[in-house]
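Chemist: Below is the sequence, then the predicted model.
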Amino acid sequence: MSAPVVETKLDATGGLAGMLRDEVVAPEGRFDAGILGRLFDAMPMRVTAADADGRFVYANRVALDMMNMRLEDVVGRTVGDILGEDMAARTAPMLERLSGGETVQWSDWVTYRNGSRRHVDQTYSPCFSANGTLVGFIALIRDTTALKEREEALEARIAALNVAETVNTAIIKTSIDPIMVVDEEGILLDLNPAAMATFGYSRGNAVGRSIADLIIPPALRDAHARGMARYTSTGISRVLDQRLTMEAQRADGSLLPIELTISEIRLPQRRVFTAHLRDLTQAREAERQVEQQRERLHQAEKLSAMGSLLAGVAHELNNPLAILVAQSTLLMETAADAAQRRRAERIH
């Protein structure tokens with residue numbers, strides 16, 4: 001007998017949508033397992049054939065390896081017997097569609113009888129006898145578990161990244177401190193609402209401009225340019241991840257004291273820098289007021305000490321003076337003549 005020929009046409013999903021010629025069907029109107037074996041045993045995907053009642057008549061070597069069974073243990077048994085109730089429940093509704101000549105395809109997770117959970121792409125193609133009776137169907141099964149797990153892992157990572165990005169965006173937008181992002185050329189890529197409010201810029205008239213022109217006072221721009229050039233060429237930086245205090249410039253030209261920390265973020269194709277700034281204007285004003293209060297307190301303490309000293313001196317003077325006053329009074333009262341009385345009055 002010549003080698004069997006499969007009449008196929010590939011539909012949009014690439015599944016088997018044709019029918020086997022008469023060589024695959026025995027004269028008595030059933031599958032010829034020998035021909036099926038020669039046709040499908042060498043195929044790298046799982047192939048099974050079942051009769052019109054859903055009982056296996058053939059499984060290729062890849063399918064038998066998956067089932068961990070021999071062909072003689074599979075033939076004559078149902079899908080539920082071999083693969084479990086999950087597969088049986090999925091296969092049963094297809095019989096009516098297959099009887100009508102329809103090729104059925106589906107892709108999903110399946111739990112097999114042995115408890116193994118696999119993701120499979122399956123194509124079921126019906127086969128008819130010469131008189132049009134449904135002989136059975138052939139199933140082409142591709143195990144895509146590894147691919148699906150990688151897809152799900154990638155989806156989970158993307159979802160996690162989306163969550164992280166959403167959280168980071170919310171943190172940046174709601175931060176009370178200004179945050180600016182610049183590239184290696186010192187061009188502003190983005191800034192948060194706090195930065196716009198602090199420096200008086202809108203996003204439209206700030207993004208795309210040099211950070212030096214936006215917030216660095218003219219007297220410091222040369223030093224900034226030299227630092228950027230040095231880091232780009234040598235990788236040596238004196239400011240990265242350091243807490244710096246300096247003056248910055250607002251859009252109206254006024255200056256304000258700031259605290260600044262610059263961090264580097266390395267991306268696949270380039271690197272960017274994030275600048276976290278803090279307006280020290282209120283802190284400096286609070287420090288000034290505290291210093292004034294400290295000076296006033298110091299003056300008050302000096303006056304209090306002087307008052308205590310004077311009170312002590314007065315006490316020390318009053319005691320001997322009281323004695324002098326008393327003795328001069330007594331002398332005036334007991335004076336023997338007018339000259340002695342006058343001396344006593346002068347002492348008093």
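Modeler: Nice, thanks for sending it over.
Chemist: can you list the weak-confidence ranges in the stretch 1-150 of the chain?
Modeler: Counting by pLDDT under 70, the stretch 1-150 of the chain contains low-confidence ranges at 1-25, 27-29.
Chemist: and the next element down the chain from the longest helix seen in the chain?
Modeler: As assigned by DSSP state H, the longest helix anywhere in the chain is helix 281-334. Next helix or strand after helix 281-334 toward the C-terminus (DSSP states H and E): helix 338-347.
Chemist: any idea of the mean pLDDT in that following helix?
Modeler: Averaged across helix 338-347, pLDDT comes to 84.
Chemist: Then stretch 321-329?
Modeler: Per-residue scores along stretch 321-329 average to 84.
Chemist: What are the buried residues along that stretch?
Modeler: The neighbour-count check on stretch 321-329 (16 or more other C-beta atoms under 10 Å) flags residue 328 as buried. The way it works is simple: take the backbone N, C-alpha and C, and place the C-beta from them, glycine included.
Chemist: packing partners for the longest helix of the chain?
Modeler: Contact analysis of helix 281-334 by 3 or more C-beta pairs under 8 Å, 6 or more residues apart in numbering; DSSP states H and E lists strand 255-266, helix 338-347 as its packing neighbours.
Chemist: any chance of those in a markdown table, plus mean neighbour count and distance to residue 247?
Modeler: Below are the helices and strands packed on helix 281-334 laid out as a markdown table (neighbours: other C-beta atoms under 10 Å; distance: least, C-beta to C-beta, whole Å):
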| stretch | mean neighbour count | distance to residue 247 |
| --- | --- | --- |
| strand 255-266 | 14 | 5 |
| helix 338-347 | 12 | 72 |
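Chemist: Just put the ones you listed in TSV and tack on distance to residue 163.
Modeler: Shown next, in TSV, are these (distance: least, C-beta to C-beta, whole Å):
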stretch	distance to residue 163
strand 255-266	19
helix 338-347	99
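Chemist: Give the full set of residues in contact with residue 324.
Modeler: residue 347 (C-beta atoms under 8 Å, 6 or more residues apart in numbering).
Chemist: check which helix or strand covers residue 122.
Modeler: Per DSSP H and E: strand 117-128 holds residue 122.
Chemist: ok so, going back, among the helices and strands packed on helix 281-334, which is nearest residue 69?
Modeler: Set against residue 69 and scored by C-beta to C-beta, these come closest in strand 255-266, at 53.9 Å.
Chemist: For whatever helix or strand comes next after that closest one, enumerate its sheet partners and note whether each is parallel or antiparallel.
Modeler: On the C-terminal side of strand 255-266, the nearest following helix or strand under DSSP H and E is strand 271-279. Under the criterion DSSP bridges, strand 271-279 sits next to strand 179-183 (antiparallel), strand 255-266 (antiparallel) in its sheet.
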